[in-house]
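Participant: any chance you could fold what I've pasted below:
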Amino acid sequence: MSINTQHILENEKVILYPLQEKDFEVLYTTASDREIWKQHPNKDRWKKDVFETFFNGAIQSKGAYRIVDKITGSTIGSTRFYDYDEQENSIFIGYTFYATAFWGSGINKIVKTMMLDYIFQFVSKVYFHVGADNIRSQIAIGRIGAEKISEQEVPYFGETPKLNYVYEIKKMNWKHHSIS
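Facilitator: I've put the predicted structure just below:
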């Protein structure tokens with residue numbers, strides 16, 4: 001069974017559109033807020049040239065999305081599926097960021113729930129890389145039922161490797177953590 005990691009995902013709050021090269025400026029407008037990146041592994045992604053490297057990695061992943069608020073139509077962030085492992089029947093979700101106006105709004109849980117509901121049709125495990133210093137994301141990923149299973153140096157596209165914690169959610173455990 002092949003996985004379409006560029007499938008449009010939508011619910012009542014947001015639409016996840018497959019990221020396209022033409023989306024650079026609108027996504028950078030969101031990403032240029034220095035505050036977004038303070039706890040992320042690369043704290044300079046607010047700079048246009050650094051974000052361009054991040055964006056190019058997103059395009060090459062063929063699993064990245066632009067997150068759009070359905071009410072305003074504005075681009076509020078990005079996320080992606082990556083590193084599908086057919087042998088292990090697993091995939092990663094990550095590289096997620098949101099405009100600060102959406103922090104604490106529940107949007108991350110809404111987006112991740114939609115992504116997990118979709119991808120668990122195809123895989124039995126989902127992993128997440130979370131920066132070792134990114135306390136906000138560690139808390140958020142724990143709230144959706146992910147458990148920390150290891151630590152790993154992650155080689156980011158065009159950037160130096162950084163220490164990340166690896167979290168996991170298994171399909172058999174997922175429905176226990178779904179939201180209504």
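
Participant: what mean pLDDT does stretch 119-135 have?
Facilitator: For stretch 119-135, mean pLDDT is 93.

Participant: how about residues contacting that stretch?
Facilitator: Residues outside stretch 119-135 that contact it (Cβ atoms under 8 Å, 6 or more residues apart in numbering): 1, 3, 39-41, 81, 83-84, 88-94, 116, 137-138, 141, 146, 151-152, 154, 162-172, 174. (C-beta placed from N, C-alpha, C; glycine too.)

Participant: again, 7 Å this time
Facilitator: 1, 3, 39-41, 81, 88-94, 116, 137-138, 141, 146, 154, 162-171, 174 (Cβ atoms under 7 Å, 6 or more residues apart in numbering).

Participant: now those: which count as buried?
Facilitator: With neighbours counted by 16 or more other Cβ atoms under 10 Å, the contacts of stretch 119-135 contain buried members at 3, 39-41, 81, 90-94, 116, 137-138, 141, 146, 154, 162, 164-169, 171, 174.

Participant: which ones among those residues are found in helices?
Facilitator: Counted as lying in helices by DSSP state H, out of these, are 116, 137-138, 141, 171, 174.

Participant: mind putting these in TSV, distance to Phe54 included?
Facilitator: Formatted as TSV, these follow (distance: Cβ to Cβ, whole Å):
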residue	distance to Phe54
Leu116	23
Ser137	16
Gln138	20
Ile141	20
Lys171	29
Trp174	28
